[in-house]
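A.B. asks: Predicted coordinates and the sequence they were generated for:
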Amino acid sequence: MPTTIRAMTADDLAESWTLGRWAFGGPAEAPPQALRALPETHRWGAYDTATGRLLGKVTDHEEHSWWGGRELASAHVSGVAVSPEVRGGGLARQLLTAALAAARERGAAVSALYPTVSAAYRSLGWEVTGVLGSAVLDTAALPTAREPGVVLRTGTPADRGALVDLYEQVVRGYDGPLTRRGGRWEVPPREEQPLGDGVDLLTLAEEDGVVTGALAYERGRGYGPEASLDVSDLLATTPAAARALVDVLAGWRTVTRTVDVPLLAGDAVSAVLPLERATARGTKVFMHRVVDLPAAVAGRGWPAHVRGTVDVRVVDDVAPWNSGAWRLELAGGEGRATRGDGDPDLVLGPRGLALLWTAAAGGRAVADAGLVTGPGDPAALDLLACGRPPQLLDYF
C-alpha cells in the first residue's frame, strides 16, 4: 500500500502511543509525558497515504555522548513499532532510513539503540557492541564501612544539577555514555517523583564541602523476601565516597533482600561491590552504527599515543554517503577520514565499521565474523579499534 513518511507533530502523539502500546504493552491511557512534544526528540511516522492511518513509527533522540573525552552528536533510537497487519513489508526500514538521513543533516555522527530483534537492525547497519550492565546483590552481602571523612546528606530536587555534574566527572573518561544534558534531560520531573523518574531517595556524599558521590534509588514495595531496591545512579569520584554510599545500601538489609545496581566497569564503585556474589546481571544489549564517517572519526577523541593510516572501502547502502574509498588517519589524539583514490584491499560494511569504531572488536575478530573482506591484513584495522569498548548507563 502507498505510504507517506513524515515527521510527527503533537497532534499525532495519542495515535503514536496506541501503536506503541500494541507493540510493547502498557496502559491503555497514555501518561501525560507521552503526549508532550519533547525538545530535541524527533518522531517519524509512516502513514497510509489513502486513509492517513499511522502504520509505523520511530523516535530519534537528538543527544550527545562521550567518546574519547569529547561530546559527540548522537542519534539515540527508540520506540520502533509497526502495525501488525503490515509487519515484514519494509516500513521499519523506510522509517529508519529517513531518520538516519535527518540525523546526518543535523550533524549526528553515531547512533545507538536497544534492539528487541537484532537481526532487523543488523540488516540496516547497526551491530551489537555491548551490554547494559547491572548486578542484583544480596544487601546482607554488601560491605559496611563508616568513612569519617565523608559527610552524607539527603538530596533534594535542588541537587539534580549537582548529580549531573558528578555523573559527567565519572563518565566522561569512558566511551559511549550519554551526556545527560539538553533536550529531554531538561524536562522538569513529575510531581510524584520530584527527584527524577525512578528516584524516591537521593543521598549525596561530600568531602571537604565538595560532592564526591551520589546514590539515587527507588524503594519499591514491601519488606519481605521479594523486597528490593532499584538503583538508578551509584556514582563516586573517590574510594571513600564509594564505600560510604555502599554502606548506605547495606543499611537496608533488614527490610530489603536485594539491590539492583548499575555497573560501570572499572569505576570506584565496582571496586567496592562484591560482584562475585551477583545473582543476576542485566542482559539488555545495545547496538551502534556510524551515521556519518568523517564526523565520527573527526569528532571523537582518540588515544594520543596512537598514530597511523589505513585505507578502506566502505559499502553502506542505507547511508550511501559513507560508501566509497577512505583514508583514515590518527595522530596526536585527532582523527581524520578523507576520500581516497584507488581500490583499497580492505572492504567493510556498516556493521564492521561499528564494531571497529566503537572498539567493540578488533580487525581480525571482525574479519572472522565475515564483516571484512578483501586481500588485505585485517589487523591493520586495529588502528580504528584503539579506543575503549563502549559502556552505557541509560536505557532508552
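C.D. replies: Alright, I've got the coordinates.
A.B. asks: contacts and neighbour counts: CA atoms only from here.
C.D. replies: Will do.
A.B. asks: how much space between the spatially closest residue to residue 15 that is not a sequence neighbour and residue 99?
C.D. replies: Distances taken as Cα to Cα, 6 or more residues apart in numbering place residue 54 nearest to residue 15, at 7.2 Å, with adjacent residues excluded. With distances taken as Cα to Cα, to the nearest Å, residue 54 is found 17 Å from residue 99.
A.B. asks: ok, now residue 332?
C.D. replies: To residue 99, residue 332 is 34 Å away according to Cα to Cα.
A.B. asks: Ramachandran angles for residue 223?
C.D. replies: Backbone torsions for residue 223, taken as degrees, to the nearest 10, come to phi -140, psi 20.
A.B. asks: Give me the spatial nearest neighbour of it, chain neighbours excluded.
C.D. replies: residue 255 (4.7 Å).
A.B. asks: Also residue 100?
C.D. replies: residue 291 (6.7 Å).
A.B. asks: Residue 383 versus the one you found, what's the distance?
C.D. replies: Residue 291 sits at a distance of 20 Å from residue 383 (criterion: Cα to Cα).
A.B. asks: can you confirm residue 167 is in a helix?
C.D. replies: Yes. Under DSSP: H, G, I helix; E, B strand; the rest coil, residue 167 falls within a helix.
A.B. asks: Buried residues in the lengthiest helix in the chain, which are they?
C.D. replies: Secondary structure of the chain per DSSP state H: the longest helix is helix 91-105. Buried residues in helix 91-105, counting neighbours by 16 or more other Cα atoms under 10 Å, are found at 91-101, 103-104.
A.B. asks: Name every strand pairing with the helix or strand following that helix and say which way it goes.
C.D. replies: Counting by DSSP states H and E, the next helix or strand C-terminal to helix 91-105 is strand 110-113. Applying DSSP bridges, strand 110-113 is found paired with strand 70-82 (parallel), strand 284-290 (antiparallel).
A.B. asks: you'd agree residue 240 is in a helix?
C.D. replies: Yes. Secondary structure of residue 240 (three-state DSSP): part of a helix.
A.B. asks: how close does residue 91 sit to residue 59?
C.D. replies: Here residue 91 is placed at a distance of 14 Å from residue 59 (Cα to Cα).
A.B. asks: what's the answer for residue 198, then?
C.D. replies: Here residue 198 is placed at a distance of 22 Å from residue 59 (Cα to Cα).
A.B. asks: quick check, residue 43 in a helix?
C.D. replies: No. Counting by three-state DSSP, residue 43 falls outside a helix, being strand.
A.B. asks: quick one: the helices in the stretch 101-250 of the chain?
C.D. replies: Secondary structure of the stretch 101-250 of the chain (DSSP state H, counting those that start in this stretch): helices located at 118-122, 160-171, 239-250.
A.B. asks: Can you mark which positions in the first one are buried?
C.D. replies: Of the residues in helix 118-122, those buried under the neighbour-count criterion (16+ other Cα under 10 Å) are 121, 122.
A.B. asks: Against which helices or strands is that helix packed?
C.D. replies: strand 127-132 (3 or more Cα pairs under 8 Å, 6 or more residues apart in numbering; DSSP states H and E).
A.B. asks: so how far is the strand it packs on from its chain's centroid?
C.D. replies: Offset of strand 127-132 from its chain centre (Cα atoms, centre = their mean, to the nearest Å): 9 Å.
A.B. asks: contact partners of it?
C.D. replies: 118, 121, 263, 282-289, 351-352, 354-355, 358, 360, 389-395 (Cα atoms under 8 Å, 6 or more residues apart in numbering).
A.B. asks: ranges for the strands of the stretch 151-300 of the chain?
C.D. replies: For the stretch 151-300 of the chain, the strands defined by DSSP state E, counting those that start in this stretch occupy 151-154, 201-207, 210-218, 228-236, 258-262, 280-281, 284-290.
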